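> sequence and computational prediction follow.
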Amino acid sequence: QVQLVESGGGLVQAGDSLTLSCVASGSTFSRSNMGWFRQAPGKEREFVAALIYSGSMNKYADSVKGRFTIFRDNAKNTVWLQMDSLKTEDTGVYYCAADLYGSSWPPKTYDYWGQGTQVTVSS
């Protein structure tokens, strides 16, 4: 069983930056592809970013390319999502997800999810 705990959400203004953290339990983190997703009120959850287990490859949603950066430290079992130039449309609950023993890239499914952290961007 893997537990993912996100933190770092909050209320910020448009144009501000925010960095989310996700800490994973267990010993499988270094072999897991990791992803960030978000869900805005009244909308379906959507993909934001993913990072391969080694950190050498990433993928971003078009809406966040050039503004968000996903990175990880396998020694700390942690993946981060740095969000710059935030927009009001970035508001939502952000979820961290793990694709254990990722056999494909980019991941097609994720095995574990965190509880989410709220990000609210005001105008």
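Perfect, thanks for sending it.
> now the most centrally placed residue in the chain: which helix or strand?
What sits nearest the mean C-alpha location of the chain, by Cα atoms, centre = their mean, is residue 36, with 2.4 Å. Following DSSP states H and E, one finds residue 36 within strand 33-39.
> can you pull the buried residues of that strand?
By 16 or more other Cβ atoms under 10 Å, the buried positions in strand 33-39 come out as 33, 34, 35, 36, 37, 38. Bear in mind the C-beta positions are built from the backbone N, C-alpha and C, glycine included.
> residue 63: which of the residues you listed is nearest?
residue 38 (9.9 Å; Cβ to Cβ).
> any idea how far the closest residue to residue 43 other than its chain neighbours lies from residue 4?
Of all residues not flanking residue 43 in the chain, residue 92 sits nearest, at 7.7 Å (Cβ to Cβ, 6 or more residues apart in numbering). Per Cβ to Cβ, to the nearest Å, residue 92 is found 17 Å from residue 4.
> between these two, which is the more surrounded one?
residue 4 (24 against 21; other Cβ atoms under 10 Å).
> pretty sure that one contacts residue 21?
No: here residue 4 does not reach residue 21: they are 10.5 Å apart, not a contact under Cβ atoms under 8 Å.
> show me the shaky parts of the chain.
Under the criterion pLDDT under 70, no range of the chain is flagged.
> ok, now with 90
For the chain, residues meeting the criterion pLDDT under 90 lie at 1, 101-104.
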